[in-house]
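Participant: Model the following, please.
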Amino acid sequence: MTSQVVAVVDPGKDQILELLKANRLDEARALARTLCEQYGENAELWHLRGVACGFLGQVTEAESCFRRAIELRPDFCKALRNLVTS
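Facilitator: Numbers count the residues shown, from 1 in each chain. Below is the predicted model of the structure:
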């Protein structure tokens, strides 16, 4: 029997992170929103969308995104921490 390694793909995650680091917050949020629509079950994308919203002062949307990330992955510590501190 052969075992396979399954890679978890986070499409666009690196792009969003680069935009956040460059303080291009509106672009990061827009890209994250688009990717969340395409890959709605990806907790990391929802978390990054929440981070971008939080930096933009959109607390309600940020909290909603963090909650969605936690629904998808209940053990997602970063999302839990960001929800508590938002």
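
Participant: tell me which residues in the lowest-mean-pLDDT helix or strand in the chain are buried?
Facilitator: Of all the helices and strands that make up the chain, the one with the lowest confidence by mean pLDDT, DSSP states H and E is helix 77-85; it has a mean of 94. Across helix 77-85, burial judged by 16 or more other C-beta atoms under 10 Å covers 79-80, 82-83. Backbone N, C-alpha and C define where each C-beta goes, glycine included.

Participant: Adding distance to residue 69, write those residues out as JSON lines.
Facilitator: As requested, the buried residues of helix 77-85 are arranged in JSON lines below (distance: C-beta to C-beta, whole Å):
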{"residue": "79", "distance to residue 69": "4"}
{"residue": "80", "distance to residue 69": "9"}
{"residue": "82", "distance to residue 69": "9"}
{"residue": "83", "distance to residue 69": "8"}
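
Participant: what ranges do the helices span in this protein?
Facilitator: For the chain, the helices identified by DSSP state H occupy 13-21, 25-38, 43-55, 59-72, 77-85, in order along the chain.

Participant: Please work out which of those helices is packed deepest.
Facilitator: Burial among the helices of the chain, expressed as mean neighbours by mean count of other C-beta atoms under 10 Å, is greatest for helix 43-55, which shows a mean of 25.
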